[in-house]
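J.: Need coordinates for the following:
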Amino acid sequence: MRLQLKAIVWKEIKDLSRDRKTLLTAIIMPALLLPLMGLLLIAAQKTVPVYVVIVNEDKGMNVPSMLTGSFLGVPTGNQSMNYGSIIANYIKKVLEKTSSNVHVKIVKSMKEVKRYDILVVIPKNFTSTLVAFVPENFKQAIVKVYLRTGPSGLSMGTTTIFQTIISTLNTISTKVMAPQRVQLLLACCNVTNVSPQAVLEPIKVATEYVNIYGQRVSMKELSKIMTSKLLLFSIFYVSMPVVAFISDSIAGERERKTLETLLASPISRKSLIFGKFGATIVLGILAAVADMVGLVLYIYILQNGLTVAGAQAFSLTLDPGLIAMHGFVMLLVVAATAAMIMPVASLSDNVRSAQSLGGFIQMIPLLIIFYAMYGNINALPPTLEIFVRIIPHTYAVLAIDALLKNKWIDVVIDVILMMIITFVYLLITIKIFESEYIVTGSLGKKRRG
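T.: Residues are numbered from 1 along each chain as shown. Predicted coordinates for the structure are as follows:
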């Protein structure tokens, strides 16, 4: 049986080596798709220039001596100041550090505004409103920020710059101006030993991320969870070439009239199935390695190519343990996909029919993966969970989740269960090969006499 198995595996590998389309799909797609996504993400943020115009209509005024100090690093008090100009230059400095593709122009009137993606308008009475030192004169200085949408909506780069401007203005308001006004109010009450923050924030919210055991979760661990969601997405396209390969390997034999020859040979039908499955494992190893390379490149590109704000939103981590586990799970995913497609390919009349049905079956794991990205599989209703548990890809999702929680026993259990379910699908294929249906090609036909 060992020699028979070796012969079948070698035959399938030779067939696979001639099938360049499947090989290219299995290797190039996982290796290049994620890096290309990363490059497109960076291109969306960097290659399209963002034009920001800041209109400073502020006239400025003499700042009272009692407000002596500094404003955003500029000395104030007992001199003529223009807070609008200071803030405009501060925003420009922040944006130029955020992205090299942002162009900031500061003007003094709306008449000078021509082209812009984001427009910031600082009012005429800006300084006089901010430096009011009599509580009865306290008012809000309204800065208007306009975001222009294009024919295709908002670009990622423009949105990032817009959010940076809003965040900067909010920080100046809450961290610089608000404490100054609180100090004036406290001085009116002859209170000097109270922190402005105690007035501004009577309730301070302290947030902390914890795991299911109540233990603190670091930002690195949170980043790992983000990476795991990416791994779930990888499961789908790694298994795509398997449908074409298995369809051609089994249904293609029937279409080329070579299946009967194989069935009539001394090779046992179990060896025939395991041989074809073994060749799929070789394809799986290639796809898994390619996908690991693609994942590493994707994370590297995001870490080194995005702007500061973008990098914070995509803070993925190159964790060796997770990457290694990912590669092994991808191999199992290819094997599981092959095992699920084999029974369908065995009962199909031709390659086209096998690929159509195989594509439909492949959508089931995709739905599970999509749900796992936003929900918890263990929280499904019992009836639905039973159905989900007979899909081997479910255990790939659970294994990655258990790995993130450092529950290695659960990882091993999920991997073993995935192998068992995969083997059950293989047994179904063996039963089909040992029955008359492998000759007729479908359940609807009768065996030729």
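
J.: what is residue 106 paired to in the beta sheet?
T.: Beta-bridge pairing of residue 106, defined through DSSP bridges, involves residue 54.

J.: Would you confirm that it contacts residue 95?
T.: No. Look at residue 106 against residue 95 with Cβ atoms under 8 Å: they stay out of range, at 11.4 Å. (Glycine included, C-beta is placed from N, CA and C.)

J.: domain parsing for the chain?
T.: For the chain, automatic domain parsing gives the domain ranges 2-43+219-440, 49-200.

J.: looking at the chain, which helix or strand does the model trust least?
T.: Each helix and strand of the chain was given a mean pLDDT (mean pLDDT, DSSP states H and E); the minimum falls on helix 308-313 at a mean of 46.

J.: State the next helix or strand along the chain beyond that helix.
T.: Sequence order places helix 320-346 as the next helix or strand after helix 308-313, per DSSP states H and E.

J.: So which bits of that next one are buried?
T.: 322-323, 325-327, 329-346 (16 or more other Cβ atoms under 10 Å).

J.: What is it packed up against?
T.: helix 219-246, helix 269-305, helix 351-374, helix 393-404, helix 408-433 (3 or more Cβ pairs under 8 Å, 6 or more residues apart in numbering; DSSP states H and E).

J.: Between those, which one is closest to residue 121.
T.: Set against residue 121 and scored by Cβ to Cβ, those come closest in helix 269-305, at 32.7 Å.

J.: Could you check how far stretch 293-300 is from the centre of its chain?
T.: 12 Å (Cα atoms, centre = their mean, to the nearest Å).

J.: Let's test this: mean pLDDT of it, rounded?
T.: Across stretch 293-300, the average pLDDT comes to 77.

J.: I'd guessed residue 241 sits against residue 283; true?
T.: Yes. Residue 241 lies in contact with residue 283 (Cβ under 8 Å); the separation is 6.8 Å.

J.: ranking the helices and strands packed on helix 320-346 by burial, who's on top?
T.: helix 393-404 (a mean of 24; mean count of other Cβ atoms under 10 Å).

J.: Would you mind listing the outside residues contacting that one?
T.: 221, 224-225, 228, 231-232, 235, 321-322, 325-326, 329, 332-333, 336-337, 365, 368-369, 372, 377-378, 388, 408, 410-411, 414-415, 417-418, 421 (Cβ atoms under 8 Å, 6 or more residues apart in numbering).

J.: Would you mind checking the average pLDDT for that helix?
T.: On average, helix 393-404 scores 82.

J.: Equivalent analysis for stretch 340-358, please.
T.: Here the average pLDDT along stretch 340-358 is 84.

J.: Over to stretch 240-257?
T.: Stretch 240-257 carries an average pLDDT of 81.

J.: ditto for stretch 188-203
T.: 70.

J.: Report the contact partners of the closest residue to residue 359 other than its chain neighbours.
T.: Residue nearest to residue 359 in three dimensions, not counting chain neighbours: residue 243, with 6.0 Å by Cβ to Cβ, 6 or more residues apart in numbering. Residues near residue 243 by Cβ under 8 Å, 6+ apart: 337, 341, 355, 358, 359, 362.

J.: tell me the pLDDT at residue 155?
T.: 67.

J.: whoops, residue 143 was the one
T.: For residue 143, pLDDT reads 92.

J.: Check the gap between it and residue 337 for me.
T.: 55 Å (Cβ to Cβ, to the nearest Å).

J.: And for residue 112?
T.: 61 Å.

J.: cool, residue 350 as well?
T.: Applying Cβ to Cβ to residue 350 and residue 337 gives a distance of 20 Å.

J.: and if you look at residue 106?
T.: Relative to residue 337, residue 106 is positioned 58 Å away (Cβ to Cβ).

J.: With residue 89 instead?
T.: 58 Å.

J.: Would you mind writing the CA trace of the host helix or strand of residue 168 as PDB?
T.: Here residue 168 sits within helix 156-171, counting by DSSP H and E. The C-alpha coordinates for helix 156-171 follow below in PDB (Å, rounded to 0.1, in the frame of the first residue of the first chain):
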ATOM      1  CA  MET A 156      -8.400  58.100   3.600                       C
ATOM      2  CA  GLY A 157      -5.600  60.700   3.600                       C
ATOM      3  CA  THR A 158      -8.100  63.600   3.700                       C
ATOM      4  CA  THR A 159     -10.100  62.000   6.500                       C
ATOM      5  CA  THR A 160      -6.900  61.400   8.500                       C
ATOM      6  CA  ILE A 161      -5.800  65.100   8.200                       C
ATOM      7  CA  PHE A 162      -9.300  66.300   9.000                       C
ATOM      8  CA  GLN A 163      -9.400  64.200  12.200                       C
ATOM      9  CA  THR A 164      -5.900  65.500  13.100                       C
ATOM     10  CA  ILE A 165      -7.100  69.100  12.800                       C
ATOM     11  CA  ILE A 166     -10.200  68.500  15.000                       C
ATOM     12  CA  SER A 167      -8.100  66.600  17.600                       C
ATOM     13  CA  THR A 168      -5.500  69.400  17.700                       C
ATOM     14  CA  LEU A 169      -8.200  72.100  18.200                       C
ATOM     15  CA  ASN A 170      -9.900  70.100  20.900                       C
ATOM     16  CA  THR A 171      -6.600  69.600  22.700                       C
END
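
J.: for that helix, packing partners?
T.: helix 20-46, strand 50-56, helix 83-98, strand 118-122, strand 144-147, helix 308-313.
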